[in-house]
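Asks: What follows is a predicted protein model with its sequence.
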Amino acid sequence: MSVHAPILAIAVPLLGGFAAPLLARIHRKVRDLWVLLVVFFSGACVGYVAAHILSSGIWVYVLGARNPQETLAPGGFPIRIMLTVDAMSAFMGLIAGFLALVAFPFALKYIPEEEGKTLALTLSLLLLAGILGLAYTGDLFNFFVFLEVTSIAACGIIGFRTWISRAPEAAFKTMVLFSLSGLFFLLASAFLYGEYGALNLAYLSAQIKGTLVDKLALALFLAGLIMKVAAAPVHFWAPDAYGEAPAAKTLLLVVNTQVSLYGLWRVLFTLYGGALSAGVGWLVTSLGLLTMVVAAFMALVQVDLGRLVAYGAVSQIGYMMLGVGVGLVTLAGRPDYGFVAMKGGIFHMLNDALTVGLLFLCVGAVEWTKGTRDLRELGGLGHGLPGVALCFLLASLALAGIPPLNGFASKILIYEGSFRLSPILAAVAVLASILLLAVFARAFHGAFLGPRAEVKEGLPWVFLLSMGALAVGILVLGLVPGFFVEELVAPAAKALWHGRALYLAAVLGG
Amino acid sequence: MIGNLPFVVCMILVALGLWTLIAKRNLVKLVIGMSLVTSGVNLFLVSLGYVRGGIPPIYTYAPAAAPMVLPTPQALTLTSIVIGVATTALMLAFVVVIYRHKGTLDVRKIRDLRG
């Protein structure tokens, strides 16, 4: 059983998602129990995989064979479908698993039964399966298939509230961008297949020399994945999507963005690690800077709390791109500060998942109690909802990078690493953080301070439990970051920074 | 050079699709542009697997040393076609819902979500 953990983590939510509507016909409680069971099982598999990898290295799981060597045709050519899970994939899987465990119980209470709850849960489980598939796959074509699974499930979640006119509009916009990004990825894979006749990531990585076709494929990979991670200048779908999806489901959309970012790192570090010019690193770094500044300014003018938080989420993608981008620029010489920046960028993925997740849950709770998210109408909620107000404040401060919260722990690493490359990078990043602090101070003031407002009684305790879990995570990661950086983040960063040879050896043997 | 003609045609299809996505303002035309890109990529995949004078890739009855066409691109294309159909259906469904709300398909007139 446990030897099949990587594939079970993907297969169980995939099949469980389709089983949910059937079980809903028996009884709603059965369906709810089933969904929770599936999510817990998947989370347990993800945890087991991560523990296994951190203790004993890369895990290559081959479908239809006992070990990867059996798949090698004469000439060292892998022929079966395989999952290649290294420390970075496992880290990404852990983020997805944790957020799913928080988001699903919240969603069970949050989405009203008459608003298509069953189908929303099905789509969310499919999205979870796609996200874990993206994190674990070792093969370009499967990556494309999971990319499309996440696209379709995500757009379904964004647009399923068809009675609100804005939701289908956001979903259509997102769908165009997501499909285009998937097709660019497929075209790039086809270029590489045409040249080398394989789709296995490790095999292709060993073959890539940096010819013209390789460079064209790289440009297509970059274009496709940058659309999907919502970096500027193609970030415009994200605020619509995050804003219009039901708040509890936005958590999964955030993870979806992050796993696409993981895909970008996988392509750049593992696939092209042998033939990458520093120019690509500078491109990622400058797009990161552009993203954080543009998104912070856009957040400044929002009057809808959901869209404001969404722009905050987009700006955090910029920090991850800056951190890892510095690593890419310095990949040739591998100086220490490059690794520091990498650790910061990757640690920030976890921190961003927690802080942005908590902010969206707060937005969800506000919308649940007041029925609106318009900052011009809200105010004074702090009296009626002290827990929510406290969580919002905590997450805002963490997002703006105020010590001693988790956002600071990762941003300081990013500042430190990028300062050594160029002080301008760090300066822009600090300025964007200050701007975000102003934005969220205004949001907190607008929604929670002021004269006491009437609130709907009876906020479900599950809401507070989910929010509490994330808040505790923010505090723990902020107060003792050292342990997590050493035990989780450093192996993940190292898997990208130094681990290409190990990755190839694990699949190709020798 | 003439052997590359299929690839050139596929890229022209992809470029036409992208141009449609950028230049057109009608939602249904955007969906058409999307399927043009999909078709271009699918045709590209199929044409990659073609081998001149090749036989079907089934080992059982194959004559020795005959060149076989590549089977993988066909499997890939089949998957990609199915995904393309699902995507198109979902996008058209959104178009129908948007039309019911707004009574128009013009992108410039339906922008609720700005800034």
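Replies: Sure, I can see it.
Asks: Skipping adjacent residues, who's closest to the residue nearest the centre of chain B in space?
Replies: Centroid check for chain B by CA atoms, centre = their mean gives residue B:38 as the closest residue, at 1.4 Å. Distances taken as CB to CB, 6 or more residues apart in numbering or on different chains place residue B:84 nearest to residue B:38, at 4.1 Å, with adjacent residues excluded. For the C-beta atoms, the positions are set from N, CA and C on the backbone; glycine is no exception.
Asks: got a list of what the one you found touches?
Replies: Residue B:84 is in contact with B:35, B:38-39, B:42, counting by CB atoms under 8 Å, 6 or more residues apart in numbering or on different chains.
Asks: can you check residue B:18 too?
Replies: B:33, B:37.
Asks: Show me where chain B dips below the pLDDT cut-off.
Replies: B:1, B:111-115 (pLDDT under 70).
Asks: Pull up the residues of it that are close to chain A.
Replies: Selection of chain B residues close to chain A by CB under 8 Å from any CB of the partner chain yields B:14, B:21, B:27, B:30, B:34, B:37-38, B:41, B:44-45, B:48, B:70, B:72-73, B:76, B:79-80, B:83, B:86-87, B:90-91, B:94-95, B:97-98, B:101-102, B:110-113, B:115.
Asks: Weed out the non-buried ones from these.
Replies: Among the residues of chain B next to chain A, those buried by neighbour count (16 or more other CB atoms under 10 Å in any protein chain shown) are B:14, B:21, B:27, B:30, B:34, B:37-38, B:41, B:44-45, B:48, B:70, B:72-73, B:76, B:79-80, B:83, B:87, B:90-91, B:94-95, B:97-98, B:101-102, B:110, B:113.
Asks: hang on, residue A:478 packs against residue A:410?
Replies: No: using CB atoms under 8 Å, residue A:478 is not in contact with residue A:410; the gap is 9.7 Å.
Asks: What count of nearby residues applies to the residue in the stretch 301-450 of chain A that chain B sits nearest to?
Replies: Residue of the stretch 301-450 of chain A nearest chain B, by CB to the nearest CB: residue A:301 (6.6 Å). For residue A:301, the neighbour count with other CB atoms under 10 Å in any protein chain shown is 11.
Asks: re earlier: settle this for me: the residue nearest to the centre of chain B is touching residue A:183, isn't it.
Replies: Yes: Residue B:38 lies in contact with residue A:183 (CB under 8 Å); the separation is 6.2 Å.
Asks: Need the mean per-residue confidence for stretch A:43-63.
Replies: The average pLDDT for stretch A:43-63 rounds to 91.
Asks: So what touches it?
Replies: A:2, A:4-9, A:12, A:67-68, A:70-71, A:80-87, A:90-91, A:93-94, A:96-98, A:100-101, A:132, A:136, A:138, A:487-488, A:491, A:499, A:502-503, A:506-507.
Asks: Of those residues, grab the buried ones for PyMOL.
Replies: To isolate the buried members of the contacts of stretch A:43-63 in PyMOL, using 16+ other CB under 10 Å:
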select buried, chain A and resi 5+6+7+8+9+12+68+71+81+82+83+84+85+86+87+90+91+93+94+96+97+98+100+101+132+136+138+488+491+499+503+506+507
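Asks: Write out the residues of chain A neighbouring chain B.
Replies: A:141, A:144-145, A:148, A:151-152, A:155-156, A:159, A:162, A:165-166, A:168-173, A:175-176, A:179-180, A:182-183, A:186-187, A:190, A:193-194, A:197, A:199, A:239-240, A:243-244, A:298, A:301-302.
Asks: Out of these, which end up buried?
Replies: A:141, A:144-145, A:148, A:151-152, A:155-156, A:159, A:162, A:166, A:168-173, A:175-176, A:179-180, A:182-183, A:186-187, A:190, A:193-194, A:199, A:239-240, A:243-244, A:298, A:302.
Asks: out of those residues, which are inside helices?
Replies: Counting by DSSP state H, these place A:141, A:144-145, A:148, A:151-152, A:155-156, A:159, A:166, A:168-173, A:175-176, A:179-180, A:182-183, A:186-187, A:190, A:193-194, A:239-240, A:243-244, A:298 in helices.
Asks: So what's the gap between the longest helix anywhere in chain B and the chain middle?
Replies: In chain B, assigned by DSSP H, the helix with the most residues is helix B:72-102. Remark: helix B:72-102 is offset 10 Å from the chain centroid, using CA atoms, centre = their mean, to the nearest Å.
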